[in-house]
Structures are given as structure tokens and as C-alpha cells.
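Student: Coordinates for the following, if possible.
(one chain, ligands or ions: 1)
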Amino acid sequence: MNAYDILYRKRQGACLTPEEIGFLIQGHLQGHVPDYQIAAWLMAVCLQGMDFDETLALTRQMRDSGQKLAWSVPGKITLDKHSTGGVGDKTTLVVIPALAACGVPVLKMSGRGLGHSGGTVDKLEAIPGFRTTLSVPEALAQVQRTGAVLIGQSAELAPADKKLYALRDVTATVDCIPLIASSIMSKKLASGAQRILLDVKVGNGGFLPAYEQAERLAQTCVAIGAAEGVATRAVLSRMDTPLGYAVGNALEVREAVQFLLNPRQAEPALRTLCLELIAQGLEMTGVVPDVPAGRMEAERALTSGAAAAKFAEIVATQGGPATCQDILDSLPQAPITHMVRAPLAGTVQQIDARAIGLLARDMGAGRIVKDDPIDLTAGITLSVTVQQTVRAGDPLATLHVRAQDQDHIAEFERRLLDACTIEQVGSAPASAPPDPVIAVLG
Ligand code: URA
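Tutor: Modelled structure (predicted):
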């Protein structure tokens, strides 16, 4: 077997055998198959696709390339949650403590933001003192003690995915469904939870703008989980508008903590999606008999303050402040704030998630390349949601600006206004905002 023949077969559209995929992945890890051959194979996969057996073989190879956690909590079913990423997506900060408060053990490893999309680890690092780099034994001990842990992706798990992702990032091969599915599921399967709950975003603020693509990704992940005996469910959720009001790291933590303290005041789409994810997680782990009962239990966990108390406990255990109020008081704030007002009266028809994500990135909240520094205070807080009616001069958003961007405020304001579509009063009646939950698979 040699890499050249395997690449040639893939280029011609053949389905590779598990042995051929293993030859490439293990050869790459051991240094026999160089970056340029893997890059060529990735491009061939993007152009020719991979069938399910190939996708499963790749997932297994990447899962088995590093440490595999085997952990359990007596009498409980463990769960992992993953979002394919979007703009303003702070659901993890609400959903994980709520699940843990209901008795579901969760070891959650998250990534960093890139491009227009944010990452949970960056958000958590906005909390002074919070440690996202616990070792695996420390993380496992915390799950047993506290019920949940929130950490960065361990380099010891699925190292082949890390190497492949770095190449995909520079070869225009990220947005390929079998590669995304195997990347996500290899890490989740290596983390060892008994159930996997995915939040697959649909819309221009996520990876996959079209529903059909997101559905295919969800179906592939669910089928990989089934093949490995780990029940996996995917919630397909809307990501054409930012989720919640805040976009930017410390701002999103603030919104999540305020949500936990006062769930009835939360932005409606964020609230609906969080309740759905909690409910699905509770049903999958047998805490409740069905999803409607899960929604009621989720409401109880939030409104009773149990989820807020659990979040504070997780944060304190990982080195941060001891209460939700202390977390709010400790979050860093940008030196400049600037209010953007509605230029005309009307209905907010659209808030373009991708445009807002790119604006937040350029304000310092995100990265263009992987190791760029970020400013945890920078970002945007929207004052409105879609289908809301505004008068001319009403607040649309607040820009949270770094000192060095003082001269760019007018440009940021123009980009914010361009991202918001307001239809004049009379031309389009306001209707209910769309449900953020589009479908549930698995
Ligand atoms: N998230 C991942 O973990 N991997 C991908 O390939 C894309 C999104």
C-alpha cells in the first residue's frame, strides 16, 4: 500500500477501505505521510465525497489516535453536548449547569472562536481566575464532585483531528460534511460520554448556510454515534440571526449569567433553544420519561435558581468568583461604549448573523487566524430582536470598543446598520419571530 495509489483512487472517485484510511492517518501521525499528501487527499474528499463507511473509518482512526476516556458515574447516564458554532451562541453556559443541576454528569470540552464564529473557551476565559486547562484526571474528579466541568479541548484526545483540522484550515477544506462529521464525532467519542447531544446550526452565522447540508451533517453524526453504540441526537437550530443579544466574550458571559439569574427576561430565541437542549438532554439520559416533561424540568431548574447555583459552583471550583453576582461584578468591560440608534421607524426584519460576527471579530472579539490575540471586552450588545418594531432614534445596539479603535467607531456603526434590515412602518407587518428549533434528529 502506498499513499500515491490511495490518493489516485480517491481522485478517481473510489471509496477507500478502512485499511487505506488507516494507512493515511496513522502514517501522517507517525510522520511517513507528509502534509502535502494529506492535503491532496482532503481536497479529493471535498470534491469526490466519502460514503458512510469511509466516514466511519476516518472517525474511528481519529478517535483512536490518542487518549480515550472511559468514565462513568454510578447510577447516572453521562452526556456530552456540542454546538457546530455560531454568532452569540452562549447556550453551553446555560445548558450544562442546568443539566448538571438535574443530575446529568457532563464533561464538556470546548474550542476557541475563529472567523465570524465564537468559542466557549474564549468566553470562559473572560471570567477572572477561571481555569479552562484542567488535566483530564482533574476534570474527571470535578465531574464526580460537582456534576460538570467546562474545559478546553484536551490535546491528548483525537490528536489526528487536530493535525487534519490545521491542514483543512489552510486548504479550503473545512466545509465538507464527512470531514466535519468525523472531526466532531471523533472528539466526542474519545471523551467517553454515554450520550451525545448536538446543536447543528443552520444559517449564514454557522458553518453550513443551507438546511439540506446541516441536515446531512446531523444525520451523519447521528449514524456514526449509532454505529459506535453511543445514542446521539441532533437539534437543528437557526443561525441566521445572532443568538441572544450579546456577541463578544465577556458580554456573552454576562448575558448567560443574567439569563441564569432571571430566565424570564432572557432573549426569547436563546431561551427557547436552551430549554429544548436541556429537555432533550434530560430525556436522553433517562431523567425524565419524555421531552415535554424535560421542558418542565428545564423550566424548574432555571426558575428555581438551581442552574445558576450550579454555574457558580462550577466556576468557583475552576478558580473563578464564588457567586453569579461576583461573576457579573468581575467581568472586564471595554473602555468605550457607543450606542447605535435606529435610522427610521419600522420592523427589524433581519439581523445578519455573519455580518455581526465579522464585525465583532474586527472589533477585537475574534480571530482571523488561529493564534491571533483577542480582546475579551470587545463586541456588540443588540437592543432588539427580529420582528421587533422600533421608532426612529430607538437604541438598536451598543458597541463595546477597544481604546485603539476610537477612530473606527463610525465605520463600526455603518457596518452594524448595514447588518440590520428595518422595513418602514406599513410596508411589512411584524410577525412572530421564527422558532429557533427547526428539527430534532435521532
Ligand atoms: N467543528 C469541529 O470540531 N470540526 C469541524 O470540522 C468543524 C467544526
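
Student: For the helix or strand of the chain with the lowest mean pLDDT, which outside residues touch it?
Tutor: Per-element confidence for the chain was summarised using mean pLDDT, DSSP states H and E. The lowest value among helices and strands belongs to helix 159-170, with a mean of 92. Residues from elsewhere that reach helix 159-170, judged by Cβ atoms under 8 Å, 6 or more residues apart in numbering: 25, 28-29, 35, 38-39, 42, 61-62, 65-66, 114, 155, 173-174, 176, 179, 182-183, 186-187, 370. Bear in mind the C-beta positions are built from the backbone N, C-alpha and C, glycine included.

Student: what comes up buried for it?
Tutor: The neighbour-count check on helix 159-170 (16 or more other Cβ atoms under 10 Å) flags P159, A160, D161, K162, K163, L164, Y165, L167, R168 as buried.

Student: The next helix or strand after that helix and the ligand in contact?
Tutor: Elements were assigned by DSSP states H and E; along the chain past helix 159-170, the next helix or strand is helix 177-191. Yes - using Cβ under 6 Å from any ligand atom as the criterion, contacts between helix 177-191 and the ligand involve L179, I180, S183, I184.

Student: Name the residues that touch stretch 221-233?
Tutor: 52, 55-56, 59, 181-182, 184-185, 188-189, 193-198, 200, 234, 280, 284, 440-442.

Student: so how far is that stretch off the chain centroid?
Tutor: For stretch 221-233, the distance between its averaged C-alpha position and the chain's averaged C-alpha position is 19 Å (Cα atoms, centre = their mean, to the nearest Å).

Student: What average pLDDT does it get?
Tutor: Here stretch 221-233 scores 98 as its mean pLDDT.

Student: Over to stretch 329-346?
Tutor: The pLDDT scores in stretch 329-346 average 97.

Student: How far off centre is that stretch?
Tutor: Relative to the centre of its chain, stretch 329-346 is centred 24 Å away, using Cα atoms, centre = their mean.

Student: for that stretch, which positions count as buried?
Tutor: Going through stretch 329-346 with 16+ other Cβ under 10 Å, the ones that come out buried are S330, L331, A334, H338, V340, A342, G346.

Student: how long is stretch 235-246 end to end?
Tutor: Using Cα to Cα, to the nearest Å, the end-to-end distance of stretch 235-246 comes out at 22 Å.

Student: Is it in proximity to the ligand?
Tutor: No - judged by Cβ under 6 Å from any ligand atom, stretch 235-246 and the ligand are separated, with a smallest distance of 13.0 Å.

Student: list the buried ones in that stretch?
Tutor: With burial defined by 16+ other Cβ under 10 Å, the residues of stretch 235-246 counted as buried are V235, L236, S237, R238, M239, D240, T241, P242, L243, G244, Y245, A246.

Student: ok, and what's touching whichever strand or helix holds I151?
Tutor: I151 belongs to strand 148-152 when assigned by DSSP H and E. Here strand 148-152 makes contact (Cβ under 8 Å, 6+ apart) with 92-93, 96-97, 99-100, 105-112, 120-121, 124, 132-134, 139, 142-143, 310, 314, 317-318.

Student: run the last query once more with 6 Å
Tutor: Taking Cβ atoms under 6 Å, 6 or more residues apart in numbering as the criterion, the residues outside strand 148-152 that touch it are 96, 100, 106-109, 121, 124, 132-134, 139, 142-143, 314.

Student: Just the ones in strands from those residues, please.
Tutor: With strands defined by DSSP state E, the entries of those inside them are V106, L107, K108, M109.

Student: Rebuild those as CSV, extending it with distance to V288 and neighbour count.
Tutor: Conversion of the ones in strands among the contacts of strand 148-152 to CSV gives the following (distance: Cβ to Cβ, whole Å; neighbours: other Cβ atoms under 10 Å):
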residue, distance to V288, neighbour count
V106, 16, 25
L107, 21, 23
K108, 21, 23
M109, 26, 23
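
Student: from the residues you listed, which single one is nearest the ligand?
Tutor: Nearest to the ligand, judged by Cβ to the nearest ligand atom, of these is M109 at 10.2 Å.

Student: Off-centre distance for the strand holding I151?
Tutor: 14 Å.

Student: Return the list of strands paired to that strand, each annotated with direction.
Tutor: The partner list of strand 148-152 in its sheet, established with DSSP bridges, is strand 106-110 (parallel).

Student: does the strand it pairs with come close to the ligand?
Tutor: No - under the criterion of Cβ under 6 Å from any ligand atom, the ligand is not reached by strand 106-110; the shortest gap measures 10.0 Å.

Student: Spatially nearest residue to the residue of the stretch 301-442 of the chain found nearest the ligand (excluding sequence neighbours)?
Tutor: Residue nearest to the ligand within the stretch 301-442 of the chain (Cβ to the nearest ligand atom): K370, separated by 13.2 Å. Nearest residue to K370 in three dimensions, chain neighbours excluded: L114, at 6.5 Å (Cβ to Cβ, 6 or more residues apart in numbering).
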